[in-house]
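Colleague: Okay, predicted coordinates and the sequence, questions at the end:
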Amino acid sequence: MNNHKTKAKKPISPVLIVIYILLVLLAVLYIAPLLWMLSVSLKDNPELMAAPFSLPKAFNWVNYAEAWTLGKLGIALLNSVFVCGVTLLVSLFFGSMAAFAIGRMRWKFSEAMGTFFLIGMMVPVHCILIPLFVRFSHMGLTNSRFGLMLPYITFSLPMTIFLMTGFFKSIPGELFESAAIDGCGIYRCFFQIALPLARTGFFVSGLMTFINNWNELLLAMVFISDPLKKTLPVTLTYFVGPYATNYVQMFAAIIIAIAPTVIVYCIFSNQIVEGLTTGAVKG
């Protein structure tokens with residue numbers, strides 16, 4: 001006879017059931033438009049007009065080839081990778097250094113500088129678009145990738161500094177004190193102690209910077225007029241004509257444009273969640 005008593009399973013709380021249902025509905029709400037765009041990109045235009053919400057009768061993968069060729073997405077993709085890559089590297093390098101100075105170094109105006117950079121997060125790009133374009137026109141920076149990267153870096157730095165400051169503040173101060181006693185200078189403390197311990201923050205701020213700049217449209221449309229220098233979001237507007245629009249090719253181009261960000265986000269989603277919670281522990 002088995003004398004071991006089996007533990008009764010605890011009933012699931014009704015509140016937890018409601019939370020799960022809401023999360024499932026929220027997931028469907030976000031995933032459904034992506035699945036619908038994928039379905040539309042595999043149809044032809046008559047089938048789309050006849051049944052826009054039905055599954056495609058045949059998978060027309062030729063839409064992706066035509067969108068890639070006719071829309072010149074290859075050049076636009078290289079432009080986006082170059083602009084976003086340089087912006088990412090520069091903003092992470094200078095943003096992390098500024099965040100370390102604000103979060104770990106003791107100097108008179110550290111708190112004031114942190115507040116100053118936070119103000120940069122509150123300034124919408126629409127408010128400075130016209131004066132920025134006029135100034136860049138006088139300096140000859142319009143219609144150039146470098147002129148586009150400057151505002152990208154400027155608007156990426158406040159978020160990078162804000163996130164990285166929280167990560168640097170969460171590092172125990174005893175580590176830096178011990179390193180200073182052993183003769184470690186400020187630069188070695190930054191590169192050999194702070195950066196390795198805050199690598200999760202690099203994932204978070206780096207991904208947010210990359211995704212925001214990859215999907216940016218307004219600045220790229222205003223500052224770049226040469227078709228060979230336009231980024232991917234601007235090139236997508238070419239599929240919409242004044243008299244006719246090839247919807248299936250347009251949706252195929254949209255899928256191509258959002259695929260890199262979706263893949264990167266899915267790969268590093270755990271690091272993003274971990275980084276946001278870690279950076280909010282202290283500071």
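Modeller: Looks like it came in fine.

Colleague: Convert the helix or strand containing Cys266 to CSV, retaining C-alpha atoms only.
Modeller: Per DSSP states H and E, Cys266 falls inside helix 247-267. C-alpha atoms of helix 247-267 as CSV (Å, rounded to 0.1, in the frame of the first residue of the first chain):
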residue,chain,number,x,y,z
TYR,A,247,-0.4,46.6,-53.6
VAL,A,248,1.0,43.0,-53.6
GLN,A,249,4.5,44.3,-54.5
MET,A,250,4.2,47.0,-51.9
PHE,A,251,3.3,44.5,-49.2
ALA,A,252,6.1,42.2,-50.4
ALA,A,253,8.5,45.2,-50.1
ILE,A,254,7.2,45.9,-46.6
ILE,A,255,7.8,42.4,-45.5
ILE,A,256,11.4,42.6,-46.8
ALA,A,257,11.8,45.9,-44.9
ILE,A,258,10.5,44.7,-41.5
ALA,A,259,12.0,41.2,-41.7
PRO,A,260,15.5,42.2,-40.4
THR,A,261,14.1,44.1,-37.3
VAL,A,262,11.7,41.3,-36.5
ILE,A,263,14.4,38.6,-36.8
VAL,A,264,16.8,40.6,-34.6
TYR,A,265,14.2,41.4,-32.0
CYS,A,266,13.1,37.7,-31.8
ILE,A,267,16.7,36.6,-31.4
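
Colleague: Could I get the buried residue list for it?
Modeller: For helix 247-267, a neighbour-count test (16 or more other Cβ atoms under 10 Å) marks 247-258, 260-261 as buried. In this view, the C-beta of every residue, glycine as well, is placed from N, C-alpha and C.

Colleague: Please name every helix or strand in contact with it.
Modeller: helix 14-41, helix 45-50, helix 62-70, helix 73-103, helix 199-214, helix 232-236 (3 or more Cβ pairs under 8 Å, 6 or more residues apart in numbering; DSSP states H and E).

Colleague: Could you list the domains of the protein?
Modeller: Split into domains by automatic domain parsing, the chain comes to 14-41, 62-279.

Colleague: looking at these, which one has the lowest mean pLDDT?
Modeller: Sorting these by mean pLDDT places domain 62-279 lowest, at a mean of 86.

Colleague: from the chain's centre, how far out does that one sit?
Modeller: Put simply, domain 62-279 sits 7 Å off its chain's centre (Cα atoms, centre = their mean, to the nearest Å).

Colleague: quick revisit: now the buried residues of helix 247-267 in TSV, please, with extra columns for distance to Phe146.
Modeller: Formatted as TSV, these follow (distance: Cβ to Cβ, whole Å):
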residue	distance to Phe146
Tyr247	35
Val248	36
Gln249	32
Met250	30
Phe251	33
Ala252	31
Ala253	26
Ile254	28
Ile255	30
Ile256	26
Ala257	23
Ile258	26
Pro260	23
Thr261	23
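
Colleague: out of the residues you listed, who's nearest Trp214?
Modeller: If you rank the buried residues of helix 247-267 by distance to Trp214 using Cβ to Cβ, Thr261 comes first, at 5.6 Å.

Colleague: nearest residue to the closest one other than its sequence neighbours?
Modeller: Spatial nearest neighbour of Thr261, excluding adjacent residues (Cβ to Cβ, 6 or more residues apart in numbering): Ile211 at 5.1 Å.

Colleague: same thing with Pro227?
Modeller: Leaving aside its chain neighbours, Pro227 sits nearest to Lys72 (7.3 Å; criterion: Cβ to Cβ, 6+ apart).

Colleague: and the one you found, how many residues sit next to it?
Modeller: 15 (other Cβ atoms under 10 Å).

Colleague: Same question for the one 10 residues further on.
Modeller: Neighbours of Phe82 under the rule other Cβ under 10 Å: 14.

Colleague: and what of Tyr64?
Modeller: Using other Cβ under 10 Å, the number of residues around Tyr64 comes to 19.

Colleague: wait, isn't it in contact with Leu38?
Modeller: No. Using Cβ atoms under 8 Å, Tyr64 makes no contact with Leu38, being 10.8 Å away.

Colleague: Wasn't Asn60 part of a helix?
Modeller: No. Per DSSP: H, G, I helix; E, B strand; the rest coil, Asn60 lies outside any helix segment and is coil.
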